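Chemist: my questions are about this predicted structure, shown below with the sequence.
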Amino acid sequence: MSEKNRERKRTARERLAVEREKQKSADRRRRVLIVGASVVCVLGLAAVIGVVAANAGKDDGSKAAGPVVAPSGAQGKDSLAIPVGKESAKSTLTVWEDFRCPACKAFETAYRPAVHELTAAGQLKTEYHLATIIDGNLGGTGSRNAANAAACAQDVGKFPAYHDVLYDNQPAETDDGYAGNDKLIELAAKVDGLDTPAFRTCVEKGTHGSWVDKSATAFRKGGFTGTPTVLLNGKSIYQDRTMTPAKLKQLVQQADKG
């Protein structure tokens, strides 16, 4: 074989090696992109179906604005808190919640008996603040409409019972079941004396819708990481892994004695 032929073959082998290296590099980049995209998809799915909706405040503000009408008896800054319990209670439980939020329902399921017991004993006052982060994260209007209906129930002194009914019948997180006023009115029948013409009108007209929006804005600006956000006398307890209903009762009862 002539020197010229050997040189051509060597050059061809070198070109082939270079092309193979380029292909390997391209394959590596492609694998990185695929893995990265998979991670993004997983994280995106977690954000959609996660029980704690931490990415608050994505409402598009497209809802028609109306006058801010606070429900009867609302308290606190801008009248954004719905109080349950005696004013004389020495402990206050502050709850930021969303009626579409599965984690809020989980908190309710675990802590409701203790909260009811302490409230009935006059040892605890609970201040409920209503948020709409699931609407913002997943789309829909169920959080807002349910919050408006709960505020309508507050107008006639039926908030605690209707509040519990909404959680007991909570649709799946991705099912915007509370978007329909018919469903919210249907559930009112489970609370004695709530399903009245006045309540229906309040729900259908969205009387407290702008108030709910204002509460949702306060949540977004409050630096909270998700719902439920639960504070006992100003201190977060929901993220406390040692917290239990029994411990909550102990803390409240100690404060009551002190």
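Modeler: Now that the structure is in, tell me what you want to look at. All of these numbers come straight from a predicted model, not from anything done at the bench.

Chemist: can you list the neighbours in contact with stretch 75-84?
Modeler: Contacting residues not belonging to stretch 75-84 are listed as 70-71, 73-74, 94, 119, 125-130, 150-151, 154, 159-160, 211, 214-215, 218 [Cβ atoms under 8 Å, 6 or more residues apart in numbering]. Every C-beta, even on glycine, is put in place using the N, C-alpha and C of the backbone.

Chemist: from the residues you listed, which land in helices?
Modeler: Secondary structure from DSSP state H places T119, A150, A151, Q154, F159, P160, W211, K214, S215, A218 of these in helices.

Chemist: out of those residues, who's nearest S88?
Modeler: T119 (12.1 Å; Cβ to Cβ).

Chemist: what's the burial count for the closest residue to the closest one other than its chain neighbours?
Modeler: Excluding the flanking residues, the one nearest T119 by Cβ to Cβ, 6 or more residues apart in numbering is G85, at 4.3 Å. Using other Cβ atoms under 10 Å, G85 has 22 neighbouring residues.

Chemist: G85 and L124 touch, don't they?
Modeler: Yes - with contact defined as Cβ atoms under 8 Å, G85 reaches L124; the gap is 5.8 Å.

Chemist: so T227: helix, strand or coil?
Modeler: coil (DSSP: H, G, I helix; E, B strand; the rest coil).

Chemist: put the buried members of the ones in helices among the contacts of stretch 75-84 into a ChimeraX selection.
Modeler: Per 16 or more other Cβ atoms under 10 Å, the buried members of those correspond to this ChimeraX selection:
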select :119,150,151,154,159,160,211,214,215,218
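
Chemist: possible to save the ones in helices among the contacts of stretch 75-84 as TSV with distance to K183?
Modeler: Compiled in TSV, the ones in helices among the contacts of stretch 75-84 are given as follows (distance: Cβ to Cβ, whole Å):
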residue	distance to K183
T119	28
A150	13
A151	17
Q154	19
F159	18
P160	20
W211	21
K214	24
S215	21
A218	27
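
Chemist: which two in the ones in helices among the contacts of stretch 75-84 are spaced the farthest apart?
Modeler: Spanning the widest gap among the ones in helices among the contacts of stretch 75-84 are T119 and K214, at 25.7 Å by Cβ to Cβ.

Chemist: average pLDDT across the helix or strand encompassing E108?
Modeler: Taking DSSP states H and E as the definition, one finds E108 inside helix 102-120. The average pLDDT for helix 102-120 rounds to 97.

Chemist: again, but for stretch 129-136
Modeler: Per-residue scores along stretch 129-136 average to 97.

Chemist: now swap in stretch 74-85 and tell me
Modeler: The model assigns stretch 74-85 a mean pLDDT of 97.

Chemist: buried residues, that stretch. List them.
Modeler: Buried residues in stretch 74-85 (16+ other Cβ under 10 Å): A74, S79, L80, A81, I82, P83, V84, G85.

Chemist: excluding its backbone neighbours, what's nearest the fifth one?
Modeler: The shortest distance from I82 to any non-neighbouring residue, by Cβ to Cβ, 6+ apart, is to Y128 (4.5 Å).

Chemist: so what's that neighbour up against?
Modeler: A81, I82, P83, V84, V95, E97, F159, H163.

Chemist: returning to what we had before: in strands, which of the buried residues of stretch 74-85 fall?
Modeler: Members of those lying in strands (criterion: DSSP state E): I82, P83, V84.
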